[in-house]
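In: Task: produce atomic coordinates for the following.
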Amino acid sequence: MKLSQEEAHQVMQVCLLAGKIMLMGGAETYRVEDTMSRIAAACGISGSHSFVTPTAIIFSLDGAELTKLIRISNRSTDLRKVDQVNSISRKISNRTLTLREAYDQLKKIEKEEEAYPLWLQLLAASIASGCFVIIFLGGWADFLPACIVGGLGFLSTLYVHHFVKVRFFAEFVASLVIGITAYGLVQVGIGRELDKIIIGSVMPLVPGLAITNALRDLMAGHLFSGVSKGAEAFLTSFAIGAGIAIILTIF
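Out: Reported below is the predicted structural model:
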């Protein structure tokens, strides 16, 4: 299908914006490529080509001498946005949404702030830390200390990352905070089992989504993205472990 430059540009804008939002929201590489291809196919373009990595998207259309690349600098976990983009993609395929309307909705999704306020994220991380202590066969006496330590660790990650845009450094500092706080609570008699408190408190920092996406990309044949995400997950885990190891070595 031969497209005019204006039509090709519009299709490409929608595809790239959809891919960008999904990748920044924590979607798998193959899911991003599939969504972009489906949107292009719904617009009557049978041949579209995309190359997606954790940090960049390259996209081109058959019948249009147009190729674009966008960089992805920040990635987080926001599966709500991924679901919203999937919904828009389905509406485009069902012909219930025009490209212009889809683009406007995608821009609105892109500008949205985080789905949950900071206090709710902090509360969830704290309660999750306490629950993980129980899951790992800890005592109820360590539930509240783990909630406190896990909340402080999660808050430290957000605070440090706000000033230093190096994710591994933020998680390393957070693990130091977790180790010091947990040790202090045990020393004053508030907590009992240091190991259980630390294990439960670091769980909100563990890159579970990155590990899952790396495995799913590898199984889907996206070796480059799978290895890249696996390396990112490994470095994050190493940063967390190194911080805790330093504290346990000192004390």
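In: Where do the helices of the stretch 151-251 of the chain begin and end?
Out: Assigned by DSSP state H, counting those that start in this stretch, the stretch 151-251 of the chain shows helices spanning 167-187, 194-202, 208-219, 223-250.
In: Just name the most buried of these.
Out: helix 194-202 (a mean of 25; mean count of other C-beta atoms under 10 Å). Every residue, glycine included, has its C-beta placed from N, CA and C.
In: What residues does Q105 make contact with?
Out: By C-beta atoms under 8 Å, 6 or more residues apart in numbering, the contact list for Q105 reads I88, L97.
In: Show me which residues of the strand or helix carrying it are buried.
Out: Secondary-structure assignment from DSSP states H and E places Q105 in helix 99-111. For helix 99-111, the neighbour count (16 or more other C-beta atoms under 10 Å) marks L99, A102, Y103, Q105, L106, I109 as buried.
In: doesn't K68 make contact with F51?
Out: No. Using C-beta atoms under 8 Å, F51 makes no contact with K68, being 11.4 Å away.
In: overlap in contacts of the two?
Out: Common neighbours of F51 and K68 (C-beta under 8 Å, 6+ apart) are I58, F59.
In: In this protein, where is pLDDT below threshold?
Out: Within the chain, the segments meeting pLDDT under 70 span 1-4, 63-64, 114-115.
In: so what are the domain limits for it?
Out: 5-111, 118-250 (automatic domain parsing).
In: which other residues reach stretch 189-205?
Out: So stretch 189-205 is in contact with 125, 128-133, 135-139, 141-142, 144-146, 149-150, 153-154, 157, 171, 174-175, 178-179, 182-183, 185-186, 236, 240, 244, going by C-beta under 8 Å, 6+ apart.
In: how much distance is there from it to the middle of the chain?
Out: From the chain centre to the centre of stretch 189-205 is a distance of 24 Å (C-alpha atoms, centre = their mean, to the nearest Å).
In: now stretch 96-116
Out: On the basis of C-alpha atoms, centre = their mean, stretch 96-116 sits 19 Å off its chain's mean C-alpha point.
In: what does stretch 237-247 give?
Out: So, by C-alpha atoms, centre = their mean, the centroid of stretch 237-247 is 21 Å from its chain's centroid.
In: Stretch 153-166 too?
Out: 15 Å.
In: Repeat that for stretch 113-130.
Out: For stretch 113-130, the distance to the chain centre is 15 Å (C-alpha atoms, centre = their mean).
In: Stretch 197-208: how far from the chain's middle?
Out: 16 Å.
In: should've said stretch 244-251
Out: Worked out by C-alpha atoms, centre = their mean, stretch 244-251 lies 29 Å from the chain centre.
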